[in-house]
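Quick one, structure for this:
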Amino acid sequence: MKQSLFDIIENTPLTDSVMRMRLKGDTSEITRPGTFVNIKLDGLYLRRPISVCDVEGDVLTIIYKVVGHGTEQMRDMTGGKLDVLTGLGNGYDTSKCEGNALLLGGGVGVPPLYMLARRLIAEGKKVHVVLGFNTASEVFYENEFRALGADVTVTTADGSHGTRGFVTAAMADGEYDYFFTCGPEPMLKAVYKASATSGQFSFEERMGCGFGACMGCSCKTVTGYKRICKDGPVLEKEEILWEN
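Residues are numbered from 1 along each chain as shown. Now for the predicted structure:
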């Protein structure tokens, strides 16, 4: 974990409620896709955890949804600096995938899959990405994933773009040997039930400290309690215990 000041070099809307921010600074601690950063904002006690979308050199890309005071404050930033903790979370382990990879993201669970897809493709693996949204106006990064060389399927709950339904509706579209997923818990549960192979799940959880000190984001697994912020946010399929 490292604390650094980053310069805001871009902050643009992707949809009515989703923003992309690019930050320039020390990205040396960000080594795996699926990790996150924790951002300090003026006047707010708790930092805001945001997943890493991509890193190229000293430029960090994050994508966030405007849902509360913290992200509203971020949306209005046109420059300046941010105090950022980097190198948080365990991230995805791409070595577990030896063949065709299936990536499934729902809403703001999509961003961490971008760096993951780029990494897997660089390793010579075939990647099929399924992006799930409620409606066409919420779709983002479809073309960016295609530009990487991934096969892309988009699902919308109302059928206004792509395949009608949820991400599980597209899971049988192609063969896969391993899968990676990130999204809201109901989606993750559905993927768990529908999946035919091993895989890795990235969980969205409310976090206090973001680095394992407060124990506020603990969850029960087959090997005991784990902290989503430090031992996760990525858990393997075989260790997950779903709470009713």
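
What's the mean pLDDT across the longest strand seen in the chain?
Ranked by residue count and defined by DSSP state E, the top strand of the chain is strand 2-13. Averaging pLDDT along strand 2-13 yields 97.

what does it contact?
By Cβ atoms under 8 Å, 6 or more residues apart in numbering, the surrounding residues in contact with strand 2-13 are 19-26, 28-29, 59-60, 74-75, 77-87. C-beta here means a position set from N, CA and C on the backbone, and glycine is covered the same way.

does the closest residue to Leu188 other than its chain neighbours have beta-bridge partners, and which?
Spatially, and ignoring its direct neighbours in sequence, Leu188 is nearest to Phe201 (5.3 Å; Cβ to Cβ, 6 or more residues apart in numbering). On the basis of DSSP bridges, Phe201 is bridged to Thr181, Leu235.

The longest strand of the chain pairs with which strands, parallel or anti?
When DSSP bridges is applied, strand 2-13 pairs with strand 18-24 (antiparallel), strand 81-88 (antiparallel).

Just send those back as TSV, with mean pLDDT too.
As requested, those are exported to TSV (pLDDT from 0 to 100):
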stretch	mean pLDDT
strand 18-24	98
strand 81-88	96
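
who wins for proximity to Pro49 among those strands?
For Pro49, the closest of those is strand 81-88, at 7.4 Å, according to Cβ to Cβ.

now the angle between strand 18-24 and the lengthiest helix in the chain, please.
When the chain is parsed with DSSP state H, its longest helix is helix 111-122. Helix 111-122 and strand 18-24 are oriented at 60 degrees to each other (axes from the mean of the first three to the mean of the last three Cα atoms, to 10 degrees).

After helix 111-122, which helix or strand is next? Please name it.
strand 127-133 (DSSP states H and E).

So, low pLDDT: which residues of the protein?
Within the chain, the segments meeting pLDDT under 70 span 173-174, 205-217, 244.

how about the helices in it?
Along the chain, counting by DSSP H, helices occupy 69-75, 111-122, 142-148, 185-194.

Show me what the third one is packed up against.
This means helix 142-148. helix 111-122, strand 127-133, strand 151-156 (3 or more Cβ pairs under 8 Å, 6 or more residues apart in numbering; DSSP states H and E).

Go again with 7 Å.
helix 111-122, strand 151-156 (3 or more Cβ pairs under 7 Å, 6 or more residues apart in numbering; DSSP states H and E).

next one: the second one
In terms of contacts (3+ Cβ pairs under 7 Å, 6+ apart), helix 111-122 is packed against strand 48-56, strand 101-106, strand 127-133, helix 142-148, strand 178-183.

That helix: which residues count as buried?
Across helix 111-122, burial judged by 16 or more other Cβ atoms under 10 Å covers Pro111, Pro112, Leu113, Tyr114, Met115, Leu116, Ala117, Arg118, Arg119, Leu120.
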